[in-house]
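Participant: Predicted structure and sequence below. I'll ask about it afterward.
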Amino acid sequence: MKFKIKKGDKVKVLTGKDRGKTGTIEAVMTASKKVKIEGVNVVKKHEKPKRKGEKGEIFSVSMPIDISKIQLICPKCNKPVRVGRTMDGDKKFRVCKKCEAKFE
């Protein structure tokens with residue numbers, strides 16, 4: 001399945017506990033239609049000690065969020081926008097619906 005969002009894009013979260021936060025995409029999981037965003041949907045994980053005498057630890061991990069709950073931020077106008085696609089010769093480009101800027 002093709003998405004109009006790629007790794008490294010800046011996005012805004014629209015719903016949920018992290019509504020309004022922005023971040024960059026770390027990974028896109030096409031099969032489950034989810035994305036991992038840096039600093040968004042962070043949960044605490046507990047790890048047991050592996051060896052005798054070692055201590056267990058608690059660490060924070062970013063969990064995936066559904067792709068329908070985010071919106072791409074245009075690099076030119078810095079606003080959350082819908083994205084279209086256009087052909088320029090033989091190359092495809094994503095296009096901002098507000099300012100019509102092409103970006104890759």
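Facilitator: Perfect, thanks for sending it.
Participant: any idea how this protein splits into domains?
Facilitator: Following automatic domain parsing, the chain resolves into domains at 1-73, 75-104.
Participant: What's the end-to-end length of the shortest one?
Facilitator: Looking at domain 75-104, the gap from its leading to its trailing residue is 10 Å under the measure Cα to Cα, to the nearest Å.
Participant: Point to the residue nearest the middle of this protein.
Facilitator: The residue lying closest to the centre of the chain (Cα atoms, centre = their mean) is residue 25, at 3.4 Å.
Participant: what's the spacing between that one and residue 4?
Facilitator: Applying Cβ to Cβ, to the nearest Å, the value for residue 25 to residue 4 is 12 Å. C-betas here are computed from N, CA, C, even on glycine.
Participant: Please name the nearest non-neighbouring residue to residue 4.
Facilitator: residue 83 (4.4 Å; Cβ to Cβ, 6 or more residues apart in numbering).
Participant: My guess is the one you found contacts residue 99. True?
Facilitator: No. Look at residue 83 against residue 99 with Cβ atoms under 8 Å: they stay out of range, at 11.8 Å.
Participant: ok so, going back, spit out the contact partners of the residue nearest to residue 4.
Facilitator: Residue 83 is in contact with 4, 5, 72, 94, 95, 96, 97, counting by Cβ atoms under 8 Å, 6 or more residues apart in numbering.
Participant: Surely the fifth one and residue 85 touch.
Facilitator: Spelled out, it's residue 95. Yes. With contact defined as Cβ under 8 Å, residue 95 reaches residue 85; the gap is 6.7 Å.
Participant: Who has more neighbours out of these two?
Facilitator: Higher neighbour count among residue 95 and residue 85: residue 95, with 20 against 10, using other Cβ atoms under 10 Å.
Participant: Ramachandran coordinates for that one?
Facilitator: phi -130, psi 130 (degrees, to the nearest 10).
Participant: Okay, and the residue nearest to it when sequence neighbours are not counted sits in which element?
Facilitator: Distances taken as Cβ to Cβ, 6+ apart put residue 84 closest to residue 95, at 4.6 Å, once the chain neighbours are dropped. Secondary structure from DSSP states H and E places residue 84 in strand 83-88.
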